[in-house]
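**Q** A predicted structure for the sequence below; I have some questions about it.
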Amino acid sequence: MTMEMLIEAVSQDSPFDLVLMDYMMPEQDGITTAKEIRNNPYLNKTPIIILTGYGADLEKQRAAEVSINAFLHKPISREVLLENIQMVLGSDLIQSKTNTIQQKKLSPELLVAHKILLVEDNEFNQILAREILENAGRQVETANNGREALELVDSTFDAILMDVQMPEIDGLLATILIRRCETHKNPKSREHQQLLVKLSPKVYSFLTMSK
């Protein structure tokens with residue numbers, strides 16, 4: 001699935017800037033996946049960071065053989081992770097991406113969104129996203145899946161940032177149900193509707209840039 005997503009992004013002229021993955025994964029480990037990425041001529045320049053709870057020399061040697069950009073040990077602090085991401089990507093690329101994002105149009109409501117509901121089932125992604133958003137001056141409340149998000153719809157949020165693939169209730173179904181709840185409360189008006197946005201790196205960069 002990882003390779004398919006990376007290749008699809010390249011085919012759409014929107015390649016990922018970084019692959020951040022765990023070492024221990026089902027089907028095949030992170031280093032094996034990294035080797036496949038390095039062997040693909042369209043992906044072999046993609047920076048790769050692998051997180052591991054193991055410290056064996058064999059894993060370190062395997063990582064070095066496939067040119068992993070960073071091989072980090074868990075548990076890891078947010079500060080250390082963000083520092084390594086910045087080091088791997090480089091300030092020039094980050095500035096280039098920021099300039100590109102400034103030229104793209106996102107919803108103007110998102111620009112002024114202050115109170116945000118972050119719906120993300122992956123704990124690591126949630127921690128990282130919350131760090132980015134709070135550093136941008138946003139007030140963040142979190143939900144672990146669509147069901148928890150539905151329980152919070154009575155709260156007033158300027159925007160809801162929601163992952164798509166989640167357990168119990170996924171992001172697409174949760175969006176439909178949230179809109180139904182809003183319409184039931186006030187069927188004649190759309191002004192009360194909360195802005196719903198699919199999670200993406202572009203969104204995080206946009207919110208960080210606009211603080």
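**A** The structure has been received and is ready for your questions.
**Q** residues near the closest residue to residue 122 other than its chain neighbours, how many?
**A** Nearest residue to residue 122 in three dimensions, chain neighbours excluded: residue 163, at 7.6 Å (C-beta to C-beta, 6 or more residues apart in numbering). Where C-beta positions appear, they are placed from N, C-alpha and C, glycine not excepted. If you count neighbours by other C-beta atoms under 10 Å, residue 163 ends up with 22.
**Q** Looks like residue 163 contacts residue 119 (just checking).
**A** Yes. Residue 163 lies in contact with residue 119 (C-beta atoms under 8 Å); the separation is 6.1 Å.
**Q** Could you break this protein into its assigned domains?
**A** The chain breaks down by automatic domain parsing into domains covering 2-89, 102-209.
**Q** Show me the shaky parts of this protein.
**A** Where the chain drops to pLDDT under 70, the residues are 1, 55-56, 91-113, 154-155, 182-211.
**Q** residue boundaries of the strands in it?
**A** 19-22, 48-52, 70-73, 115-119, 139-143, 159-162, 195-198 (DSSP state E).
**Q** Tabulate those (JSON lines), appending mean neighbour count and distance to residue 4.
**A** Formatted as JSON lines, these follow (neighbours: other C-beta atoms under 10 Å; distance: least, C-beta to C-beta, whole Å):
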{"stretch": "strand 19-22", "mean neighbour count": "18", "distance to residue 4": "13"}
{"stretch": "strand 48-52", "mean neighbour count": "21", "distance to residue 4": "17"}
{"stretch": "strand 70-73", "mean neighbour count": "17", "distance to residue 4": "24"}
{"stretch": "strand 115-119", "mean neighbour count": "23", "distance to residue 4": "24"}
{"stretch": "strand 139-143", "mean neighbour count": "17", "distance to residue 4": "28"}
{"stretch": "strand 159-162", "mean neighbour count": "24", "distance to residue 4": "22"}
{"stretch": "strand 195-198", "mean neighbour count": "17", "distance to residue 4": "19"}
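**Q** Distance to residue 174 for these - can I get that in CSV?
**A** Below are those laid out as CSV (distance: least, C-beta to C-beta, whole Å):
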stretch, distance to residue 174
strand 19-22, 25
strand 48-52, 28
strand 70-73, 32
strand 115-119, 7
strand 139-143, 9
strand 159-162, 6
strand 195-198, 9
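**Q** So which of those is nearest residue 42?
**A** strand 19-22 (13.4 Å; C-beta to C-beta).
**Q** Surely residue 52 is in contact with residue 22?
**A** Yes. Contact between residue 52 and residue 22 holds when scored by C-beta under 8 Å: they sit 7.3 Å apart.
**Q** so what sits against both of the two?
**A** Shared contacts of residue 52 and residue 22, defined by C-beta atoms under 8 Å, 6 or more residues apart in numbering, are found at residue 30.
**Q** Give me the distance between the residue nearest to residue 122 and residue 67.
**A** 30 Å (C-beta to C-beta, to the nearest Å).
**Q** For residue 149, the count of nearby residues, please.
**A** Counted with other C-beta under 10 Å, the neighbours of residue 149 add up to 26.
**Q** Enumerate every residue touching it.
**A** Counting by C-beta under 8 Å, 6+ apart, residue 149 makes contact with 117, 119, 143, 160, 162, 169, 174, 178.
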